[in-house]
Each structure stands twice: as C-alpha cells, then as structure tokens.
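**Student:** Coordinates for the following, if possible.
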Amino acid sequence: MRVDIWSDVVCPWCYVGKRRFEAALAGFPHRDRVEVHWHSFELDPRAPRRRDGDHLDHIAAKYGLTREQAEAMDGRISDAAREVGVDLRLRQAKGGNSFDAHRLLHLAADHGLAPTLKDRFLRAYFTEGEPIGDPATLARLAVEVGLPGAEVDEVLAGDRYADAVRADERQARALGATGVPFFVIDETYGIAGAQPPEIFTNVLERAWSETHSDAEVEDGSAVPSAPSGTDGACPV
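**Tutor:** All right, here's what the predicted structure looks like:
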C-alpha cells in the first residue's frame, strides 16, 4: 500500500502531522507493506532566503490576525506538538525560503534517506533555530544524516531536482490541496491536516481492506478536513 505526503519543512502542523501519522503506522498490522513517499510543497515560494523580523508580527500579517490571536494560535500548535514529543520554539525560528531544502529531500529520497532528512530539517528549524534557507546550514544537516557531501554541494550549486519540486507542487494543486500536511492513502483517500492518529488508522485499515480480502478492519467514519488557517494545517 502506498502513502503520499505533501508537506513543508517550515510548517509546524506538518511536524505534528508526521508524528501523528507515524504513531498510527506503528500500530498498523501491515506497516511493513506500506510505502511512504514524501512530496514537496512550499507555503511561500517567494520568501527570501532569510526572513528577518518578529515571528508573531509575520504570522499576524500573513493570516490577518491581531498579535494576540497569532500568539494564541502559536500556543495551540505548541500544545499539540508537546503531545507528540515535539518541542516547538516558534519565536526563535529563522524563517526563509524552503526550495533548496525540498531539492535536497529529493536527493535524500534517491539515497533512501528522505524520512531521516525530513525529520532532521524539521528539528533543526523548529527546535534548534537553524536558518532553513541558508545553503551552508542545509549542506551541514544533509551530510550529518549521511548524504554524500560532494553530491549535496552539486545540488545546491545548480538546479538539480528543481523540476521535481515543481512537479510535486503541480500534483498537489491538481489534487486540490490548499495547505499542508496533505496525505493520500493508496491513491484513493485524501486526509487534510494533522489529524489524530485514529483517523489515519481508520483510513489505513479501510484502504487495506479494499485490496486485501483477508484484512480485519472496522467500519470507519468519513475523513474530516482540517480547518484552514487555524488548527491542523498550514494554508498557503
């Protein structure tokens, strides 16, 4: 069974969603027969390499909120992250363009290291305060997880995987994704947002039952969409 996931390394709900999906997958009896494919999605393709300024002011301006509302939104995300073992330090995050990070994730996929690098980028950005748009930082993190340094430098110096990133984003638009994380289970079921693990479990079981007659599944409810711009997803 195939699972496709669109996400951005600067989206806190993508970090939460990754952990919630992984929790569901860990308890899925057929997890060894599930292939997970990560796809690129840029929340802000026009972002500079490094975004300066106050984090809360940026969030408030982007979503049309007051500073107090932006602070409350950060609090909800941070609370959800703590529940899955993630320490979000949003106010120290050094925002920036994520295009090169996505290109390196495609390189990592070719080496079988995409999930490892994805997790490393998320932790570096959200917990360690690393500048996600800085090529030197990206190169260091990529080599740290085992990618060949020379190949990493080659990717960052040119435009390798640029077409792959854009193809991922075109596919997301074709599927109707307006925010991330966005999950497609077995090319049939779409799940928008960082839903609770039981939602992922429900859909994994349903999808498995439709192609494997010996599967033991429970009846499930419809898959909900996450509210845009508040809890569960980072909208464009």
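
**Student:** Just the CA atoms of stretch 171-180, as PDB, please.
**Tutor:** Taking C-alpha atoms only, stretch 171-180 is exported to PDB below (Å, rounded to 0.1, in the frame of the first residue of the first chain):
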ATOM      1  CA  GLN A 171       0.300  17.500  -8.400                       C
ATOM      2  CA  ALA A 172      -0.800  18.900  -5.100                       C
ATOM      3  CA  ARG A 173      -2.700  21.600  -6.800                       C
ATOM      4  CA  ALA A 174      -4.300  19.100  -9.100                       C
ATOM      5  CA  LEU A 175      -5.500  17.100  -6.100                       C
ATOM      6  CA  GLY A 176      -7.000  20.200  -4.600                       C
ATOM      7  CA  ALA A 177      -4.500  20.700  -1.700                       C
ATOM      8  CA  THR A 178      -4.600  24.300  -0.500                       C
ATOM      9  CA  GLY A 179      -2.400  23.600   2.600                       C
ATOM     10  CA  VAL A 180      -0.300  21.000   4.300                       C
END
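
**Student:** May I see the buried residues of stretch 134-151?
**Tutor:** Asp134, Pro135, Thr137, Leu138, Ala139, Leu141, Ala142, Val145, Leu147, Glu151 (16 or more other C-beta atoms under 10 Å). Just so you know, the C-beta spots here come from the backbone N, C-alpha and C atoms, and that holds for glycine as well.

**Student:** I figured the fourth one hits Phe99, correct?
**Tutor:** Put plainly, it is Leu138. No. Using C-beta atoms under 8 Å, Leu138 is not in contact with Phe99, being 10.5 Å away.

**Student:** Please report the distance of the residue lying closest to Val34 once chain neighbours are set aside from Ala72.
**Tutor:** Leaving aside its sequence neighbours, Val34 sits nearest to Met1 (C-beta to C-beta, 6 or more residues apart in numbering; 5.0 Å). Relative to Ala72, Met1 is positioned 38 Å away (C-beta to C-beta, to the nearest Å).

**Student:** Ok, Arg19 next?
**Tutor:** 22 Å.

**Student:** Looking at these two, which is more packed in?
**Tutor:** Arg19 (20 against 13; other C-beta atoms under 10 Å).

**Student:** Do a quick rundown of the strands in this structure.
**Tutor:** Secondary structure of the chain (DSSP state E): strands at 2-7, 35-40, 179-180, 182-185, 189-192, 234-235.

**Student:** Give the full set of residues in contact with Leu107.
**Tutor:** Ala142, Leu147, Glu151, Val152, Val155, Arg160, Tyr161 (C-beta atoms under 8 Å, 6 or more residues apart in numbering).

**Student:** and Ala177, how far is that from Ile185?
**Tutor:** 14 Å.

**Student:** Neighbours of the residue nearest to Val34, how many?
**Tutor:** 18.

**Student:** That one reaches Asp186, doesn't it?
**Tutor:** Yes. The pair Met1 / Asp186 is scored as a contact, 5.1 Å apart, by C-beta under 8 Å.

**Student:** Touching both of those two, which residues are there?
**Tutor:** Ala207, Trp208, Thr211.

**Student:** Looking at those residues, spot the one nearest Ala233.
**Tutor:** Ala207 (21.1 Å; C-beta to C-beta).

**Student:** how close does the closest one sit to Val155?
**Tutor:** For Ala207 relative to Val155 (C-beta to C-beta), the value is 34 Å.

**Student:** low pLDDT regions in the chain?
**Tutor:** Within the chain, the segments meeting pLDDT under 70 span 213-231.

**Student:** Helices of that one, residue ranges please.
**Tutor:** Counting by DSSP state H, one finds helices in the chain at the ranges 12-26, 55-63, 67-83, 99-110, 114-126, 135-144, 149-157, 162-174, 197-211.
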